[in-house]
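J.: okay, here's the prediction I keep looking at, along with the sequence it came from:
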Amino acid sequence: MHLKEVILDNSDISKAIIEYATSNAITDIVVGASTKNTFIRRFRNPDVPTCLMKMAPDYCTVHVIHKVKAIQVKAAKSPAPFATLPPKQYSQPIIESDASRASRGDWKKTSHSHTSSPMASRNSVDRLSAYAKAPSRDRPLTGARTAPQKDFDDYIDFIAPPRPSVTRSSFSDDIDLAMSMELPSIDFAESMELSSAMSMESLSSAGDVEAEMRRLRLELKQTMEMYNSACKEAIDAKQKTAQMHQMKMEESKKFQELRNAEEEALALVQMEKAKCRAALEAAEAAQKIAELEAQKRLRAEWKAKREAEDRKKATDALNKNDLRYRRYSIDDIEAATHKFDKALKIGEGGYGPVYKAVLDHTNVAIKILRPDASQGRKQFQQEIEVLSCMRHPNMVLLLGACPEYGCLVYEYMDYGSLEDRLCRRGKTLPIPWSVRFRIAADIATGLLFLHQARPEPLVHRDLKPANILLDHNFVSKISDVGLARLVPQSAADVTQYRMTSTAGTFCYIDPEYQQTGMLTTKSDIYSLGIMLLQIITARSPMGLTHHVENAIERGTFQEILDQTVTDWPVEEALEFAKLALRCAELRKKDRPDLGKEILPELNRLRNLGHEYEASQVSSASTNCSSSAPYSFSNDDI
């Protein structure tokens with residue numbers, strides 16, 4: 001057996017061993033295990049055995065030994081890249097040493113005496129130990145791997161005859177450990193020769209063998225104790241590792257919970273910031289709104305103050321009786337009416353008769369107040385105050401009055417009231433549809449004038465066909481404003497003005513005004529709607545809206561129109577009726593606006609009537625000099 005000591009100079013031990021093994025074609029490497037435990041190795045650089053297990057060539061077998069046992073083996077995966085090793089180690093025949101020949105000779109000489117010296121037995125054991133410790137590359141590689149195992153078993157059986165099972169099994173474990181490290185093969189012939197010599201020596205020195213066996217048992221026991229201690233340490237290390245892993249998991253879980261809590265806290269902070277920002281914006285907006293409201297309030301107060309001053313001026317002017325009308329004496333009135341001749345009586349009002357007369361060479365209508373009229377004097381004064389302060393083409397003109405006897409002098413309207421013309425009293429001719437559209441537009445124009453009066457709007461409260469007068473050109477004018485009331489501008493546009501008592505004519509009174517006493521300009525819109533339906537149907541106002549709605553739903557609208565007119569434009573008349581129904585809604589908020597919706601539509605229909613009349617005039621060959629499509633004599637009036 002040839003041994004060779006090699007010193008490698010390199011800072012990286014693993015790399016130096018791998019390079020040396022590769023350059024010298026070494027097929028077996030035996031290395032001691034690391035003294036560091038697994039837990040420490042995990043947090044430091046890999047040790048030498050680990051690096052060799054990973055980096056050794058595929059044709060090289062690596063054995064990791066710890067406490068006389070192989071704890072790790074990496075087997076070769078491919079044969080060496082060469083067929084034989086250098087001749088120095090493998091080509092020379094195995095030469096039997098002098099000690100071997102002497103041993104065999106001694107064995108032959110003492111075979112019958114069964115005696116041998118203790119030193120021989122010691123030399124045999126030392127030789128076996130030296131052989132096991134010899135480097136792998138200096139051992140012969142001939143022979144199969146199964147033969148050395150059998151030789152070692154025979155050798156052990158020869159040295160130690162059957163003993164208690166503990167000794168044999170313990171020694172067998174040591175031999176198995178040596179074989180598990182893949183010791184190099186021993187030539188079978190030399191093994192047999194060595195076994196024979198050792199057998200002879202063991203027979204001659206049984207006492208030494210017993211002592212050696214006891215020593216080996218003691219070493220085995222110590223080895224087992226060390227092994228058990230190592231196992232216990234490994235178990236403890238594993239438990240500590242598991243505990244540390246559990247602690248790590250718990251720490252990770254706590255960290256994740258803290259992170260989630262932090263994220264939730266950040267989200268809550270962001271939410272609170274957003275709420276705070278929204279609150280600040282809302283506060284700023286509220287402050288701006290408050291400033292705007294304050295400005296509006298100041299403007300409203302200034303406007304109210306100015307309107308109060310204007311109203312005071314107007315009231316003062318009325319109180320001074322600076323009225324723009326002519327005063328007549330009772331003698332003038334009696335002379336004009338021939339002392340109230342019944343032949344000159346042309347009508348009867350709510351508070352007195354109406355006479356036709358001539359004053360200052362002008363045809364006039366004189367309204368006489370009945371002495372028994374309870375509200376007559378108040379209405380008389382109201383009408384004087386209203387009509388004397390305004391002029392409009394669609395408002396009847398007040399020419400004068402006799403305050404002492406309650407007489408009012410108006411301009412005379414040739415065609416009388418709209419109610420008389422619709423009912424054809426006195427067998428008058430029916431009013432053409434084009435003229436009816438024009439009358440409706442005139443009424444709406446005069447009503448808008450009252451609603452826009454200054455300083456305060458005027459609500460007529462008694463708008464009906466009997467209070468609409470027609471001149472000889474069918475120009476309609478609103479009369480009988482004795483029930484008209486001044487409504488504050490704020491009540492007319494925004495809220496409502498409460499009256500202590502209602503006034504007007506049944507079927508024309510606004511239902512809400514009748515129930516609640518709340519008066520607005522929309523109260524006149526209801527009366528206008530009923531009157532517009534009468535203009536196209538010439539029917540009684542009682543239940544008229546219901547009849548018209550049913551006719552529209554059943555598709556018999558044309559049948560409900562005034563049948564005295566044969567050339568109705570049905571589509572335009574239907575639009576006219578729908579507008580009138582909207583005006584006659586029970587709730588004020590559902591009624592259209594007079595200036596923005598009603599009057600523009602009525603003006604459109606009036607223009608349509610004008611176009612129709614122009615076409616009729618151009619096509620007619622007669623009556624070219626007529627001032628109106630139809631003329632009435634004074635006898636018809």
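T.: Looks like it came in fine.
J.: where does this protein have low pLDDT?
T.: 1-2, 36-45, 82-205, 314-324, 350, 373-376, 482-504, 621-637 (pLDDT under 70).
J.: can I see the domain layout of it?
T.: Annotated domains of the chain cover 13-74, 87-204, 221-322, 326-412, 418-637 [automatic domain parsing].
J.: residue 270: neighbour count?
T.: Using other CB atoms under 10 Å, residue 270 is surrounded by 10 other residues. C-beta here means a position set from N, CA and C on the backbone, and glycine is covered the same way.
J.: sec struct for it, please.
T.: helix (DSSP: H, G, I helix; E, B strand; the rest coil).
J.: how close does it get to residue 239?
T.: 46 Å (CB to CB, to the nearest Å).
J.: now do residue 286
T.: On the measure of CB to CB, residue 286 and residue 239 end up 68 Å apart.
J.: also residue 336?
T.: 134 Å.
J.: the two: which has the busier surroundings?
T.: In this view residue 336 and residue 239 are compared by other CB under 10 Å, and residue 336 has more residues nearby, 21 against 10.
J.: now the more buried one, nearest residue through space, not along the chain?
T.: residue 357 (3.6 Å; CB to CB, 6 or more residues apart in numbering).
J.: what helix or strand does residue 21 sit in?
T.: Assigned by DSSP states H and E, residue 21 falls within helix 13-23.
J.: what helices or strands is the next helix or strand after that helix leaning on?
T.: Note on helix 13-23: by DSSP H and E, the next helix or strand toward the C-terminus is strand 28-32. If contacts are counted by 3 or more CB pairs under 8 Å, 6 or more residues apart in numbering; DSSP states H and E, strand 28-32 sits against helix 13-23, helix 48-55, strand 61-66.
J.: before we move on, the earlier item: other SSEs contacting whichever helix or strand the residue nearest to residue 336 is part of?
T.: Residue 357 belongs to strand 353-359 when assigned by DSSP H and E. Judged by 3+ CB pairs under 8 Å, 6+ apart, strand 353-359 is in contact with helix 330-336, strand 345-348, strand 362-368.
J.: thinking again about what came up before, list the buried residues of the helix holding residue 21.
T.: Residues of helix 13-23 classed as buried by neighbour count (16 or more other CB atoms under 10 Å): 14, 17, 18, 21.
J.: surely the second one meets residue 55?
T.: No: between residue 17 and residue 55 there is no contact, the gap being 9.1 Å when judged by CB atoms under 8 Å.
J.: out of everything not next to it in sequence, what's closest to residue 333?
T.: Going by CB to CB, 6+ apart, residue 333 has residue 407 as its nearest residue, at 5.0 Å.
J.: with residue 430 instead?
T.: Once flanking residues are discounted, residue 430 sits nearest to residue 564: 3.7 Å by CB to CB, 6+ apart.
J.: hang on, that neighbour packs against residue 538?
T.: Yes: counting by CB under 8 Å, residue 564 touches residue 538, with 7.2 Å between them.
J.: which one of these two has more residues nearby?
T.: residue 538 (21 against 12).
J.: ok, now which ones touch the more buried one?
T.: Residue 538 sits next to 422, 423, 562, 564 when contact means CB atoms under 8 Å, 6 or more residues apart in numbering.
J.: filter these down to just the buried residues.
T.: Applying 16+ other CB under 10 Å to the contacts of residue 538 flags 422, 562 as buried.
J.: export the contacts of residue 538 as a markdown table, with columns for distance to residue 250.
T.: Formatted as a markdown table, the contacts of residue 538 follow (distance: CB to CB, whole Å):
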| residue | distance to residue 250 |
| --- | --- |
| 422 | 100 |
| 423 | 103 |
| 562 | 98 |
| 564 | 103 |
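J.: in strands, which of the contacts of residue 538 fall?
T.: Nothing among the contacts of residue 538 maps onto strands, per DSSP state E.
J.: returning to that earlier point: now the residue nearest to residue 336: how far from residue 309?
T.: For residue 357, the distance to residue 309 - CB to CB - is 42 Å.
J.: the more surrounded of these two?
T.: Each of residue 357 and residue 309 has its neighbours counted (other CB under 10 Å); residue 357 has more, 22 against 11.
J.: surely the more buried one and residue 366 touch.
T.: Yes: using CB under 8 Å, residue 357 makes contact with residue 366 at a distance of 5.2 Å.
J.: find the residues that touch each one of the two.
T.: Joint contacts of residue 357 and residue 366 (CB under 8 Å, 6+ apart) are 333, 336, 337.
J.: just the closest of the residues you listed to residue 233, please.
T.: Taking CB to CB as the measure, residue 233 lies nearest residue 333 of the shared contacts of residue 357 and residue 366, at 141.2 Å.
J.: my understanding was that that closest one contacts residue 404; is that so?
T.: No: contact between residue 333 and residue 404 fails when scored by CB under 8 Å: they sit 10.0 Å apart.
J.: which of these two has more neighbours?
T.: Between residue 333 and residue 404, counted using other CB under 10 Å, residue 333 has the larger neighbour count: 22 against 10.
J.: which residue is the nearest non-sequential neighbour of residue 67?
T.: residue 226 (5.6 Å).
J.: same question, residue 587
T.: Nearest to residue 587 is residue 512, by CB to CB, 6+ apart, at 6.9 Å.
J.: element containing that neighbour?
T.: Using DSSP H and E, residue 512 maps to helix 511-516.
J.: does anything pack onto that helix? Which helices or strands?
T.: helix 522-537.
J.: mind saving the C-alpha coords of the helix it packs on as CSV?
T.: Provided in CSV are the C-alpha atoms of helix 522-537 (Å, rounded to 0.1, in the frame of the first residue of the first chain):
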residue,chain,number,x,y,z
LYS,A,522,-103.7,83.0,-12.3
SER,A,523,-107.3,83.4,-11.0
ASP,A,524,-108.1,85.4,-14.1
ILE,A,525,-106.5,82.7,-16.3
TYR,A,526,-109.2,80.2,-15.2
SER,A,527,-112.0,82.6,-16.2
LEU,A,528,-110.2,83.2,-19.5
GLY,A,529,-110.1,79.5,-20.2
ILE,A,530,-113.8,79.1,-19.7
MET,A,531,-114.5,82.1,-21.9
LEU,A,532,-112.3,80.8,-24.7
LEU,A,533,-114.2,77.5,-24.7
GLN,A,534,-117.5,79.5,-25.0
ILE,A,535,-116.0,81.5,-28.0
ILE,A,536,-115.7,78.3,-30.1
THR,A,537,-118.7,76.4,-28.8
